[in-house]
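Novice: Curious how this folds, go ahead:
(chains A and B)
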Amino acid sequence: MAGAVRLAAASVVGALGLLTLFLLREGAAVWVQVGPGHFLLGQEWAPLAAPPRLGIRPLLLGSALVGALAAVVAVGLGLLAAIYLAEEAPPRLAGLAAPLIALLAATPSVVMGFLGLQVVAPLVQRLGGAPTGQSALAAAVVVGVMALPTVVALGQDALRAVPMSLREASLALGADRLHTLTRAVLPAAAPGLAAAAVLGLGRVVGETMVVLMLAGNAPQAPASPLDPVATLPAVIAAEMGETVRGSTHQAALFAMGLVLLAVTWALYTVAGWLGLGGGGQGRP
Amino acid sequence: MADGRGVWVVLLLLALAVAAGGCSPAARRQPPPTLNVRGSDTMLHLARVWAEAYAAVDREVQVAVAGGGSGVGIAGLLDGAVDVALASRPLSAEEQAAAAARGLAFSEAVVGLDAIAVVVHPDNYLGDLSLAELRSLFTGRITRWSALGGPNVAVTVVSRPSGSGTARYFQAVVLGRHEFTPRAMQLPSSQAVAEAVAAAPGGIGYLDLVHARAGGDRIKILGLALLPGGEPVLPSAAAVRQGRYPLSRPLYLYTRSDDDRAARFVAFARSSEGQQLLTQAGYIAVR
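Specialist: Numbering: from 1, shown residues only, chains lettered A, B, ... in the order given. Take a look at the predicted model:
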């Protein structure tokens, strides 16, 4: 029995190791021929130019911009919602909200993308003045909403883990509810809330479909949230099908996959440090 | 009573077992083999029309049609996942080399003609452009329409990703050695290009004539002049066949030379019935 459990655990680690090795091997041509410096910091992504220019800096910036804006939406709304549901809402309402939040998490991303194209992009165009509405901002709003369930669920867990005695002690000392929340409960739950935010961000970074449908896919270094941008996962998805096997272009897409994996790992590691644990209780 | 029912159940199970055993593997109907047709989004509608009619011609195969871009179709043909590649451009040098490296021989058939329409927002009062002006717009040298005597709005360049045969053709013919501006939005389909240009007052994009016409009055098709000051020509079947419209191109089907099933589909596409369907679908027949 113990042996079987150990084997199962080893297979997870093994899959992760093989995945990394595979991405390293398939992308090797780029790391060797182009070099990490030119690949990561190159200003231009023009894979079919002669000679091809394989710099992913504009794509990294695009990913960072969409990620940061989506995090503002997900963390801002998500933590407030978690605080309300865990601390203030009547238990029946909180019980009603839980399955609805799960439903939001289960909505297929292509449906969210369609909704974004019909509703969010035109709104961004009207209010923000982006030429077509397809922009980093439009993609980020939708991706942020998609990350909401992660942040709300984990945030609620973190708040419920704060012992009731802490609240009672604070109230007994004469503090009002707002004071109790901001001075006693939130500081106690802070590591867990931070981990919830980072795991929500992890959900955001790899999102492909919505970004492909909404971000406008222009491989430029963005100057404003209203610019169309391309992100790492969207470019991998858009270009993987057409690459000739063994070409440098294909190797570059695999190398981008490795970069994406590294970023996601980094985020989950940070979440682990923050207390909640990306491996243990973390729900990606 | 309960026993009686039990007997019937046993008998039924036995009958089922006998029936299943009686079906030898040879006698069992094989599902019809699938002919995978994939590639150019420009030709996607056309391929679906052909596939529907082909079901009456050859009942032995099931035709599966998918898009993704000319590059996707050709890459699939190289890997063996695709039987007929739809391509709105000829094979590139790299693709020819990849085929040679795998010891594959491809057959090429021209099955129709297409015009690439350049479209702008209907509020843009410019009616035509020269190819040189078009290049300045798509390379990003001109960023405001007023530079060409148009309205004072910023240019929004709408393009297709590198897997699109339309994008490759446009780059080869209009841009030459130059590249698309990195500000160009790379949208996944002709339909998406039409939507984006219809939404952006400063938008300009290019797409196949069938989809451009389907856009109705939400987008405006421009006349193109080969040389600055030349006579602008609007895309039409006549202008394409006479070679007067500068952005017209053949549409290809690629197959493996030793694949007879695929060859029969190509022969159907080139037959008078296939060409009639092509004209009805809004494309331009070869003859």
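Novice: So for stretch A:103-121, mean pLDDT?
Specialist: What stretch A:103-121 shows for mean pLDDT is 90.
Novice: residues making contact with it?
Specialist: A:132-135, A:138-139, A:141-142, A:145-146, A:148-150, A:153, A:207-210, A:212-214, B:199 (CB atoms under 8 Å, 6 or more residues apart in numbering or on different chains). (Glycine included, C-beta is placed from N, CA and C.)
Novice: 6 Å - rerun?
Specialist: A:133-134, A:138, A:141-142, A:146, A:149, A:209-210, A:213-214 (CB atoms under 6 Å, 6 or more residues apart in numbering or on different chains).
Novice: Which helix or strand contains residue A:249?
Specialist: helix A:248-273 (DSSP states H and E).
Novice: Identify the residue nearest residue B:126 in space, chain neighbours excluded?
Specialist: Nearest residue to residue B:126, sequence neighbours excluded (CB to CB, 6 or more residues apart in numbering or on different chains): residue B:150, at 4.6 Å.
Novice: Which residue does the stretch 101-250 of chain B have closest to chain A?
Specialist: residue B:163 (3.3 Å; CB to the nearest CB).
Novice: Would you mind putting the contacts of stretch A:103-121 into TSV with distance to chain B alongside?
Specialist: TSV is the format used below for the contacts of stretch A:103-121 (distance: CB to the nearest CB, whole Å):
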residue	distance to chain B
A:133	6
A:134	7
A:138	12
A:141	17
A:142	16
A:146	20
A:149	27
A:209	11
A:210	13
A:213	8
A:214	11
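Novice: Which of those residues fall in strands?
Specialist: Among these, no member falls in strands (criterion: DSSP state E).
Novice: if we can go back for a sec, you'd agree the residue nearest to residue B:126 is in a helix?
Specialist: No - membership of residue B:150 in a helix is not supported by DSSP: H, G, I helix; E, B strand; the rest coil, which gives coil.
Novice: rewinding a little: so how many other residues sit close to the residue of the stretch 101-250 of chain B closest to chain A?
Specialist: 27 (other CB atoms under 10 Å in any protein chain shown).
Novice: Does it belong to a helix, a strand or coil?
Specialist: coil.
Novice: on that earlier part again, and the residue nearest to residue B:126, how many neighbours does it have?
Specialist: When neighbours are counted by other CB under 10 Å, residue B:150 comes out with 17.
Novice: tell me the helices in chain A, going along the chain?
Specialist: A:2-26, A:28-29, A:36-41, A:57-83, A:91-106, A:109-115, A:121-128, A:136-160, A:164-172, A:177-179, A:186-205, A:209-214, A:232-239, A:248-273 (DSSP state H).
Novice: will you turn those helices into CSV that also has distance to residue B:114 and mean neighbour count?
Specialist: Shown next, in CSV, are the helices of chain A (distance: least, CB to CB, whole Å; neighbours: other CB atoms under 10 Å in any protein chain shown):
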stretch, distance to residue B:114, mean neighbour count
helix A:2-26, 36, 11
helix A:28-29, 35, 16
helix A:36-41, 37, 14
helix A:57-83, 32, 22
helix A:91-106, 42, 12
helix A:109-115, 28, 17
helix A:121-128, 29, 17
helix A:136-160, 32, 26
helix A:164-172, 70, 13
helix A:177-179, 67, 11
helix A:186-205, 39, 23
helix A:209-214, 26, 28
helix A:232-239, 23, 22
helix A:248-273, 26, 19
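Novice: In the stretch 151-284 of chain A, what residue lies closest to chain B?
Specialist: For the stretch 151-284 of chain A, CB to the nearest CB, closest residue to chain B: residue A:242, 3.1 Å.
Novice: looking at it, that residue is touching residue B:70, isn't it?
Specialist: No - checked against CB atoms under 6 Å, the pair residue A:242 and residue B:70 is beyond contact range at 8.1 Å.
Novice: who has more neighbours, those two?
Specialist: Neighbours per residue (other CB under 10 Å) separate residue A:242 from residue B:70, with residue B:70 holding more: 34 against 25.
Novice: near chain B, which residues of the stretch 1-150 of chain A?
Specialist: A:46, A:48-49, A:131-132 (CB under 6 Å from any CB of the partner chain).
Novice: how about a cut-off of 8 Å?
Specialist: Within reach of chain B by CB under 8 Å from any CB of the partner chain, the stretch 1-150 of chain A has these residues: A:44-49, A:58, A:121-122, A:125, A:131-134.
Novice: now that we have those residues, which one has the most neighbours?
Specialist: residue A:134 (32 neighbours).
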